[in-house]
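Q: below is the structure, and that's it, no one-letter string:
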């Protein structure tokens with residue numbers, strides 16, 4: 001096995017600095033750094049550009065590797081500089097925006113191996129060590145990426161390593177797609193039962209004659225300000241922009257919350273919490289992953305009153321227009337804040353409890369299946385992440401010639 005530089009193994013292409021004035025709602029998709037998640041690309045909020053023929057050099061292919069060149073320091077792993085993702089099939093044909101580099105192996109058969117090579121902590125530790133910048137933002141150069149050196153296994157070993165790890169990720173992809181299908185089904189049921197009166201435009205049309213009530217969200221929720229006065233050892237949580245709770249240690253690599261948590265707010269299952277300064281980017285969620293947890297004192301926590309079920313309100317919040325109204329009512333210029341009182345401006349048609357419970361009866365068993373799929377996914381990810389460094393270092397030998 002020979003030690004080589006990444007530049008000898010791959011070709012590189014920086015993203016293009018597309019101008020926001022050229023963005024469109026259709027055409028060819030543009031992939032920004034903000035669209036990258038832990039392993040691939042989130043396609044929900046991408047922008048587009050028309051007349052893309054001149055940008056052919058920036059086109060992405062399936063299995064291309066993208067490395068971010070601007071981001072946070074390693075204390076915030078969700079946005080860390082040097083993040084490595086792989087382009088999934090659905091994102092192929094998109095164009096890469098600035099602040100990222102596309103990496104392709106000189107031999108296309110090595111592309112899957114490259115992804116796992118760069119997801120290994122050896123590369124992560126190396127690339128972060130080369131970063132420069134301010135306290136809030138770090139950057140790396142393309143030359144730093146090119147100068148990463150590693151031991152190159154023989155060709156058959158590379159193929160075997162890639163196959164082992166990729167087979168695990170294929171199983172994870174199946175789980176994720178199944179989760180998406182189930183969520184889509186629940187969403188369709190919600191739309192069928194409720195959206196005719198809760199599309200934020202026709203609300204109020206003939207609803208009262210059917211036993212519905214036209215209210216504001218502020219009328220059906222109440223703020224909760226319970227604090228952890230006894231400093232119980234509850235998990236400290238954050239709400240991320242994807243609209244879900246994460247344990248603080250999964251969002252940050254070091255403890256960023258206070259040693260004393262007596263002023264932290266308690267959030268319980270089926271309650272909603274959000275950071276007023278980040279609600280406008282999607283950081284608002286209902287707690288389903290834990291029975292109880294803690295959030296920063298700056299968070300707002302609220303719960304549903306007896307007139308509405310948490311299940312109904314959860315899918316109300318998942319409607320795309322809900323997030324648009326949050327953005328619209330966020331206040332401020334430099335830093336926007338979303339006050340709890342703004343919910344007075346959120347119209348909602350509350351269906352009879354009988355109809356809400358009918359929906360819950362349909363949704364709950366499916367949600368339980370989704371939760372099991374998530375658990376399976378976490379186990380598979382743990383297996384992959386355990387095998388990855390052992391396979392790359394040679395500590396765990398692989399059988400070759402079985403591809």
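A: Yep, that arrived. Fair warning: this is a prediction, and the values are worked out from it, not measured in the lab. Numbers count the residues shown, from 1 in each chain.
Q: verify the assumption that residue 316 is located in a helix.
A: Yes - counting by DSSP: H, G, I helix; E, B strand; the rest coil, one finds residue 316 located in a helix.
Q: how close does it sit to residue 140?
A: Using C-beta to C-beta, to the nearest Å, residue 316 is found at 42 Å from residue 140. Where C-beta positions appear, they are placed from N, C-alpha and C, glycine not excepted.
Q: show me where pLDDT drops low in the stretch 151-300 of the chain?
A: 197-206, 208-209, 251-258 (pLDDT under 70).
Q: could you redo the last one with a cut-off of 90?
A: Residues of the stretch 151-300 of the chain meeting the criterion pLDDT under 90: 194-211, 214, 241-242, 248-260, 281, 289.
Q: what's near enough to touch the residue nearest to residue 17 when sequence neighbours are not counted?
A: Nearest residue to residue 17, sequence neighbours excluded (C-beta to C-beta, 6 or more residues apart in numbering): residue 98, at 4.3 Å. Residue 98 sits next to 14-18 when contact means C-beta atoms under 8 Å, 6 or more residues apart in numbering.
Q: against residue 316, how distant is the spatially closest residue to residue 305 that is not a sequence neighbour?
A: Nearest non-adjacent residue to residue 305, counting by C-beta to C-beta, 6+ apart: residue 220, 5.3 Å away. According to C-beta to C-beta, residue 220 stands 10 Å off from residue 316.
Q: which neighbours do those two share?
A: Residues touching both residue 220 and residue 316 (C-beta under 8 Å, 6+ apart) are residue 348.
Q: now the host helix or strand of residue 123: average pLDDT?
A: When elements are defined using DSSP states H and E, residue 123 is found to belong to helix 121-129. For helix 121-129, mean pLDDT is 95.
Q: next structured bit after that helix?
A: For helix 121-129, the following helix or strand on the C-terminal side (DSSP H and E) is strand 132-133.
Q: what pairs with the helix or strand just after that following strand, parallel or antiparallel?
A: Sequence-wise, the next helix or strand downstream of strand 132-133 (DSSP H and E) is strand 138-139. When pairs are called by DSSP bridges, strand 138-139 turns out to pair with strand 70-71 (antiparallel), strand 132-133 (antiparallel).
Q: related to what we said a few turns ago, burial measure for the residue nearest to residue 305, as a count.
A: 20 (other C-beta atoms under 10 Å).
Q: could you check how far it is from residue 326?
A: As for residue 220, its distance to residue 326 is 17 Å (criterion: C-beta to C-beta).
Q: what ranges do the strands span in the stretch 101-250 of the chain?
A: 132-133, 138-139, 149-152, 213-216, 221-224, 237-240, 244-247 (DSSP state E, counting those that start in this stretch).
Q: among these, which comes closest to residue 56?
A: In terms of C-beta to C-beta, the element of the strands of the stretch 101-250 of the chain nearest to residue 56 is strand 138-139, at 26.7 Å.
Q: which residues touch the closest one?
A: 69-73, 80-81, 128, 131-133.
Q: regarding this protein, what is its longest helix?
A: For the chain, the helix reaching the highest residue count under DSSP state H is reported as helix 353-393.
Q: got the angle between that one and helix 121-129?
A: Here helix 353-393 runs at an angle of 90 degrees relative to helix 121-129 (axes from the mean of the first three to the mean of the last three C-alpha atoms, to 10 degrees).
Q: by contact count, what packs against helix 353-393?
A: Packed against helix 353-393 by the contact rule (3 or more C-beta pairs under 8 Å, 6 or more residues apart in numbering; DSSP states H and E) you find helix 111-119, helix 121-129, helix 155-190, helix 310-317.
Q: let's have those in a markdown table, adding distance to residue 50 and mean neighbour count.
A: Below are these laid out as a markdown table (distance: least, C-beta to C-beta, whole Å; neighbours: other C-beta atoms under 10 Å):
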| stretch | distance to residue 50 | mean neighbour count |
| --- | --- | --- |
| helix 111-119 | 30 | 23 |
| helix 121-129 | 35 | 16 |
| helix 155-190 | 29 | 16 |
| helix 310-317 | 33 | 20 |
